[in-house]
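Engineer: quick one, structure for this:
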Amino acid sequence: YKIMGLPLKGEAFVAEHSQNQRRVERTTSGFLNMWTWTFKRKAGRTMLKLTVEYTVPVSVFDGVSEKLVKMQNEREADLASANIKTRMEDYTQASIYTKTLKKEPF
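Structural biologist: I've put the predicted structure just below:
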């Protein structure tokens, strides 16, 4: 992972996983963070909530404003959300198309 162009290394693991409901990933070294993915069905759609908690390692970013790091992380989160949305919509359309094809007689 890179922040402000600086590479960060660490170990991550899945702390919690409930199929189609919730997933929590944590790091144990390096850039300490926790990602919580929550999935809910609403009106025939899947709603995704992603919460990321992290601490900025001061020694790595000496002289770099925590505010700048936060702004970059927010931009990357927005981009990641848009990418997830696009992939899920593409997958859903592909699934609908495949199901339609299977119903057609040969």
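Engineer: so where do the strands sit in this protein?
Structural biologist: Here the chain has its strands, by DSSP state E, at 2-3, 6-7, 12-18, 22-27, 33-42, 45-54.
Engineer: out of the ones you listed, flag the one nearest Asn83.
Structural biologist: strand 45-54 (11.8 Å; C-beta to C-beta). Using the backbone N, CA and C atoms, a C-beta is placed for each residue, glycine as well.
Engineer: now that closest one: buried residues?
Structural biologist: The neighbour-count check on strand 45-54 (16 or more other C-beta atoms under 10 Å) flags nothing as buried.
Engineer: check which helices and strands that strand sits against.
Structural biologist: strand 33-42, helix 66-103 (3 or more C-beta pairs under 8 Å, 6 or more residues apart in numbering; DSSP states H and E).
Engineer: partners of the closest residue in space to Val52 that isn't next to it in sequence in the sheet?
Structural biologist: Closest residue in space to Val52, ignoring its immediate chain neighbours: Trp35 at 5.3 Å, by C-beta to C-beta, 6 or more residues apart in numbering. Taking DSSP bridges as the rule, Trp35 bridges to Glu25, Val52.
Engineer: name all residues that make contact with Trp35.
Structural biologist: For Trp35, the contacting residues are Arg23, Val24, Glu25, Arg26, Leu50, Thr51, Val52, by C-beta atoms under 8 Å, 6 or more residues apart in numbering.
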